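In: Model the structure of this input:
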Amino acid sequence: MTRARLISLLGSYGVVLALLLLILFGWARYDYFLGFFNISSVLRYNAMFALVALGMCFVIMTGGIDLSVGSTAALGSVVAALASPQGAWIGLGAGMGAGLCVGFINAILVTRLKIMPFVATLAMMLAASGTALLLADNQSVSVSYESGFTSIGQDNFLGFPIPAWIAIVAYVIGWLILNFTSTGRGVLAVGGNEDATRLMGLPADRIKFLVYLASGGLAGLAGVILASQFGAGQPIEGVGWELFAIAAVVVGGTLLTGGVGSVGATLAGVLLLGILFNVLNFENGKGWISLSAYWQSVIRGLFLLVVVILQAKFSSRGSCRGQGLLIWARCQSSVLLMHSRSMRRRSNRLPARLPRF
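Out: Got it, this is the predicted structure:
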């Protein structure tokens, strides 16, 4: 196996290999690491981050960024908690609706007003956070336990946490869209080169609009799970969720510049980060080390920095090939554009009626 081939495999499956090695380490070192309670707890808690990371994955694949997902999740949790007395489905719809509203505004700002995604989503992050605090009156909002709303985040289905089922369904849908639909191919095309995408006649703005809308909806759904799992809407929760999502997406091999990404690898990145912190909790229990919760942010930042450095190193080796493909795409776009103009000129020269013989 050549060195280039080995580097390519590590870039594609490195996160899965790291995940398997971490699981084997935890199984060998800690009792009950692979017990039902621990597995269920990890999956139930990290389902929220998985949903946020899925939306972030599609946004980053288009070459954008969504910094509002954490505040959107907090807003969704507050709205869902306020609507929970009306029933579980009403609370679910209200929380997702709040997220979709934020995603809709983000999409309008980016695609219609042409504001940079970083600036647009940063503004919406502040706006969503302030709206959550206003609706909650700067305090947690208790949910209704009589309506069955808490079953969304706390119950199991077929022995498996319901939040984990929701995340699995979302990722299956995302995987199908990315790999088997024209919209998924358009997402990668927009991230690869938006100008070439427009020249080829693909609806770049519509694709970006749908991506930001979906990101907001998934963040709102994560907020619903947050409220139902902890029994209250949390207006100050969600701080740093966008960083966790970006870290999981980047760890999964998605380039921050767009054009390359994987839904399955993003899920592996979420599990890798979630299990890493679970291992640290087990290590605290053994007494060998004593790390506070604040150290998790430090470790997360260092981990993200190492992954970005390695990603930049690996991606630079394939830059020549990527530039060649980009030049080829631009040439094809130019040929198609000139051909369409030529056909239009020929059609204009034809007589209105054909002569009769």
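
In: gap between the host helix or strand of residue 196 and the chain center?
Out: With the criterion set as DSSP states H and E, the secondary-structure element containing residue 196 is helix 194-199. Using Cα atoms, centre = their mean, to the nearest Å, we find the averaged C-alpha position of helix 194-199 to lie 24 Å away from the chain's own average C-alpha position.

In: now do stretch 263-283
Out: Taking Cα atoms, centre = their mean, one finds the center of stretch 263-283 at 15 Å from the center of the full chain.

In: May I see the buried residues of that stretch?
Out: By neighbour count, and taking 16 or more other Cβ atoms under 10 Å as the criterion, the buried residues in stretch 263-283 are 263-280, 283. The way it works is simple: take the backbone N, C-alpha and C, and place the C-beta from them, glycine included.

In: How about stretch 233-246?
Out: Taking 16+ other Cβ under 10 Å as the neighbour-count basis, stretch 233-246 is seen to contain the buried residues 233-235, 237-238, 241-246.

In: Ok, stretch 38-56 next?
Out: 38-39, 42-56.

In: so where is the stretch 1-150 of the chain shaky, pLDDT-wise?
Out: Across the stretch 1-150 of the chain, residues meeting the criterion (pLDDT under 70) sit at 1-12.

In: where exactly do the helices run in it?
Out: For the stretch 1-150 of the chain, the helices defined by DSSP state H, counting those that start in this stretch cover 3-29, 36-61, 69-83, 88-111, 117-136.

In: mind checking which of these is nearest residue 159?
Out: The minimum distance between residue 159 and the helices of the stretch 1-150 of the chain falls on helix 36-61, with 8.3 Å, by Cβ to Cβ.

In: tilt between that closest one and helix 88-111?
Out: Angular relation of helix 36-61 and helix 88-111 on a 0 to 180 degree scale: 30 degrees, by axes from the mean of the first three to the mean of the last three Cα atoms, to 10 degrees.

In: Going forward, count from 180.
Out: Sure, I'll start numbering at 180, so the last one becomes helix 215-240.

In: could you pull out the strands for the stretch 380-529 of the chain?
Out: 411-412 (DSSP state E, counting those that start in this stretch).

In: how close does residue 203 sit to residue 417?
Out: Counting by Cβ to Cβ, to the nearest Å, the gap between residue 203 and residue 417 amounts to 33 Å.

In: same check, this time on residue 460
Out: Distance of residue 460 to residue 417, given as Cβ to Cβ: 21 Å.

In: what does residue 425 give?
Out: In this structure, residue 425 lies at 14 Å from residue 417, with Cβ to Cβ as the measure.

In: repeat for residue 225
Out: The span separating residue 225 from residue 417 equals 15 Å under the rule Cβ to Cβ.

In: Over to residue 218?
Out: In this structure, residue 218 and residue 417 are separated by 25 Å, where distance is defined by Cβ to Cβ.

In: and if you look at residue 378?
Out: From residue 378 over to residue 417 the distance is 39 Å, taken as Cβ to Cβ.

In: swap in residue 214?
Out: For residue 214, the distance to residue 417 under the criterion Cβ to Cβ works out to 30 Å.

In: Please apply the same query to residue 219.
Out: When Cβ to Cβ is the yardstick, residue 219 and residue 417 sit 23 Å from each other.

In: What's the local residue count around the closest residue to residue 420 other than its chain neighbours?
Out: On the basis of Cβ to Cβ, 6 or more residues apart in numbering, the spatially nearest residue to residue 420 that is not a chain neighbour turns out to be residue 249, at 3.5 Å. Residue 249: 25 surrounding residues under other Cβ atoms under 10 Å.
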